[in-house]
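**Q** Generate coordinates for the sequence data below:
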Amino acid sequence: MTEKHVYPYPVPLEYFPSRLLLSKENLEFYHCFLEKKKINIVINQSGNFSDSFLYLNKGESSVKIISVLHSAPSVAYNSIWHEIYPLRNKFFIEKLKRIARMVLYPRIKYRYRKSRINQFKKMLPLTDYICTLSPNFFQEISSYCSGYENKYIAIPNPNTYLEEQLKIIKTIKKRPQVLYSGLLVQNKRVDRLIRVWRSLEKDYPDWKLIILGDGDANYVDTLKELASKCHNISFEGFQKPLSYYLNSSILCLPSNYEGWGMAITEAMQCGTVPVVFDSFASARDIIEHGRNGLLISPFNLHELECALRLLMTNNELRKEMAENARIDVKRFSIDRVCSMWEKLFDNILINENLSTIENK
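**A** Numbers count the residues shown, from 1 in each chain. Just a heads-up that it's a prediction; the model follows:
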């Protein structure tokens with residue numbers, strides 16, 4: 001049984017009866033639900049993962065299915081080396097484990113790619129549309145399984161904050177702060193930012209690095225140990241991020257990969273300039289390099305340091321980019337993104353009705 005949530009959702013929730021994903025009980029429950037509720041469209045939010053195959057099994061129903069990829073189609077495949085090489089802690093056993101990971105790297109990469117191919121070969125024939133966060137991800141899908149390009153659609157994530165929430169921005173003076181906001185887990189590679197900050201803080205003693213978020217306890221301990229010799233780093237834990245975005249001048253996202261990177265658009269809404277590794281396809285949908293943020297060659301720490309120095313030194317350039325960011329990010333407004341979903345739903349239902357008429 002799915003864990004019940006406390007959050008007051010605006011619509012009623014239903015829970016599968018069994019913890020076994022593809023159990024007979026779950027499939028019967030799902031098929032009955034589709035029929036009873038007269039569902040026309042199912043949005044399969046797990047397009048990248050194996051639980052898709054529950055939602056894709058629609059039985060005798062004529063329901064149309066949209067499978068959504070919330071991450072890159074390759075997930076971690078393109079950055080496996082950067083996942084396995086770093087030490088997770090300082091203990092000797094971890095050093096031995098890293099050697100083992102390095103030796104097994106070709107095998108790990110082969111198996112990972114094979115799992116991606118299997119996922120898309122099984123999923124694409126069963127879904128009516130596959131929705132990515134960026135059209136720049138289409139080529140990745142085709143590299144795993146081609147021939148289904150007519151099913152591709154791209155709809156970005158909507159902005160988090162409403163304009164009413166951001167009116168206060170005109171009254172706030174930006175502080176000399178660089179912000180990281182997100183999970184503290186291995187693939188986010190916040191350690192990269194801390195290593196760069198060790199050089200920066202010597203020349204910019206008035207600036208502060210704020211690390212916002214929580215995650216894997218071992219990785220958090222590693223980050224704190226790495227930052228122990230720095231003076232201007234603050235770990236704030238899990239917090240509501242809006243006030244941090246509003247007060248910070250720069251956002252830095254040093255991840256191996258992202259699907260969209262909600263922290264980027266959230267920061268831009270608040271006039272905080274993003275500095276991001278160009279390591280995922282949707283980064284270029286969001287950031288126009290030199291206009292509303294900076295894209296850094298993956299995973300060039302020298303280039304990252306130079307980019308941060310540029311913004312920390314040049315107040316006018318930073319303010320210009322911040323204003324451009326606030327303007328440009330409006331193209332991802334909730335209204336606009338909702339309209340894209342509504343248009344897709346309308347097209348599906350219109351085509352379904354036409355098909356019904358033709359069959360008669």
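**Q** C-alpha from now on. contacts and neighbour counts both.
**A** OK.
**Q** how many neighbours does the nearest residue to residue 81 once chain neighbours are set aside have?
**A** Using Cα to Cα, 6 or more residues apart in numbering and skipping the chain neighbours, the partner closest in space to residue 81 is residue 105 (7.3 Å). Residues near residue 105, counting by other Cα atoms under 10 Å, number 16.
**Q** cool, the one 5 residues further on as well?
**A** Other residues within reach of residue 110, judged by other Cα under 10 Å, total 11.
**Q** sec struct for it, please.
**A** helix (DSSP: H, G, I helix; E, B strand; the rest coil).
**Q** What distance do you get for it to residue 181?
**A** Residue 110 sits 32 Å away from residue 181, going by Cα to Cα, to the nearest Å.
**Q** Tell me the pLDDT of residue 232.
**A** Looking at residue 232, its pLDDT reads 95.
**Q** and what of the one 10 residues further on?
**A** At residue 242, the pLDDT value in this model is 97.
**Q** and if you look at residue 275?
**A** The model reports residue 275 with a pLDDT of 98.
**Q** next one: residue 355
**A** Looking at residue 355, its pLDDT reads 55.
**Q** ok, now the one 4 residues further on?
**A** With respect to pLDDT, residue 359 has a value of 50.
**Q** likewise residue 91?
**A** For residue 91, the model assigns a pLDDT of 86.
**Q** now do residue 256
**A** Listed pLDDT for residue 256 reads 94.
**Q** Could you pull out the helices in the protein for me?
**A** Ranges of helices within the chain are 24-36, 52-55, 80-84, 92-103, 105-123, 138-144, 190-203, 217-226, 242-247, 262-269, 283-286, 301-313, 315-328, 334-359, based on DSSP state H.
**Q** any idea of the mean pLDDT in the first one?
**A** Translated: helix 24-36. 96.
**Q** buried sites along that helix?
**A** 26-27, 30-31, 34 (16 or more other Cα atoms under 10 Å).
**Q** cool, the fifth one as well?
**A** The neighbour-count check on helix 105-123 (16+ other Cα under 10 Å) flags 105, 108-109, 112-113, 116-117, 119-120, 123 as buried.
**Q** Contacts made by that helix with the rest, please.
**A** Residues from elsewhere that reach helix 105-123, judged by Cα atoms under 8 Å, 6 or more residues apart in numbering: 47-50, 52-53, 56, 73-74, 77, 80-81, 84, 141, 144-145.
**Q** if we can go back for a sec, now do the residue nearest to residue 81, the pLDDT please.
**A** pLDDT recorded at residue 105 is 95.
**Q** Tell me the spacing between it and residue 266.
**A** Taking Cα to Cα, one finds residue 105 at 36 Å from residue 266.
**Q** What of residue 95?
**A** Using Cα to Cα, residue 95 is found at 37 Å from residue 266.
**Q** Neighbour count for the two, which is higher?
**A** residue 266 (24 against 16).
**Q** Apart from its chain neighbours, what residue comes closest to the more buried one?
**A** Of all residues not flanking residue 266 in the chain, residue 160 sits nearest, at 6.2 Å (Cα to Cα, 6+ apart).
**Q** do residue 299 as well
**A** Leaving aside its sequence neighbours, residue 299 sits nearest to residue 277 (Cα to Cα, 6+ apart; 6.7 Å).
**Q** wait, what's in contact with the one you found?
**A** Neighbour list for residue 277: 253-256, 295-299 [criterion: Cα under 8 Å, 6+ apart].
**Q** and with 7 Å instead?
**A** Contacts here follow Cα atoms under 7 Å, 6 or more residues apart in numbering; on that basis residue 277 touches 254, 295-299.
**Q** I'd like these as CSV, with distance to residue 186 appended.
**A** CSV is the format used below for the contacts of residue 277 (distance: Cα to Cα, whole Å):
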residue, distance to residue 186
254, 11
295, 21
296, 19
297, 19
298, 16
299, 15
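**Q** Next step: those restricted to strands.
**A** Among these, the members falling in strands (DSSP state E) are 295-296.
**Q** Need the buried ones from the contacts of residue 277 selected in PyMOL.
**A** Remark: buried members of those, expressed as a PyMOL selection using 16+ other Cα under 10 Å:
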select buried, resi 254+295+296+298+299
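**Q** Looking at the contacts of residue 277, which is nearest residue 134?
**A** Within the contacts of residue 277, the smallest distance to residue 134 is 16.8 Å, found for residue 295 (Cα to Cα).
**Q** now the residue nearest the centre of the chain: how far from residue 133?
**A** For the chain, residue 259 is the residue whose C-alpha lies nearest the centre (Cα atoms, centre = their mean; 3.6 Å). Separation of residue 259 from residue 133 (Cα to Cα) stands at 7 Å.
**Q** Same check on residue 52?
**A** 17 Å.
**Q** And for residue 9?
**A** Taking Cα to Cα, one finds residue 9 at 24 Å from residue 133.
**Q** just residue 304 next, same as before
**A** Applying Cα to Cα to residue 304 and residue 133 gives a distance of 25 Å.
**Q** got it, and residue 99?
**A** 36 Å.
**Q** Looking at these two, which one has more neighbours?
**A** More crowded of residue 99 and residue 133, by other Cα under 10 Å: residue 133, with 22 against 15.
**Q** residue contacts, the more buried one?
**A** Neighbours of residue 133 in contact, by Cα under 7 Å, 6+ apart: 70, 154-157, 259-260.
**Q** can you list the weak-confidence ranges in the stretch 251-360 of the chain?
**A** 352-360 (pLDDT under 70).
**Q** one more time with 80
**A** Along the stretch 251-360 of the chain, the model assigns pLDDT under 80 to residues 351-360.
**Q** cool, the stretch 1-150 of the chain as well?
**A** Residues of the stretch 1-150 of the chain meeting the criterion pLDDT under 80: 1-9, 89.
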